[in-house]
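J.: what's the 3D shape of this:
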Amino acid sequence: QEQVVESGGGLVEAGGSLRLSCVASPRSLSLHDMAWFRQAPGKEREFVARINMISGSTNYADSVKGRFTIDKDSAENTVFLDMKTLKPGNTAIYYCNAKHLLGQEYWGQGTQITVSS
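T.: Residues are numbered from 1 along each chain as shown. Just a heads-up that it's a prediction; the model follows:
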């Protein structure tokens, strides 16, 4: 049974940092890329960052460039999202997405991040 599990969310003050982790299992899953999305209250889910699990190439939403960094451990089907200089507007549920080489996509349940002003 494929599963995607996020961890690392919580409450942080504005200007602070957090690191999210996401593990896709089983480890034998052949993933093309993994990504982070977020959904703020009353808004649609939006893209944050993506990393190619083979090449390591990355892309980011303009709103997080320079503050967020996505990284990976391909052997463990794990990705990380380092978030710095967090703002209250970054408050959202952060979701991890894993995309198989054959196209199937798997979503985690999400982890809440709350940035206080």
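J.: and the helix or strand containing T69, C-alpha only, in CSV?
T.: In the assignment (DSSP states H and E), T69 maps to strand 68-73. The C-alpha trace of strand 68-73 is given here as CSV (Å, rounded to 0.1, in the frame of the first residue of the first chain):
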residue,chain,number,x,y,z
PHE,A,68,12.4,27.9,0.9
THR,A,69,14.7,25.1,-0.2
ILE,A,70,13.6,21.6,-1.3
ASP,A,71,16.0,18.7,-1.0
LYS,A,72,15.9,15.0,-1.3
ASP,A,73,17.1,11.6,-0.2
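J.: list the contacts of the residue nearest to the spatial centre of the chain.
T.: Nearest to the geometric centre of the chain sits W36, at 2.9 Å (Cα atoms, centre = their mean). W36 sits next to L20, C22, V48, A49, R50, I70, V79, L81, Y94, Y95, C96, N97 when contact means Cβ atoms under 8 Å, 6 or more residues apart in numbering. Heads up, the C-betas are built off the backbone N, CA and C, glycines and all.
J.: what do you get for S116?
T.: Counting by Cβ under 8 Å, 6+ apart, S116 has contacts L11, V12, E13, A14, P88.
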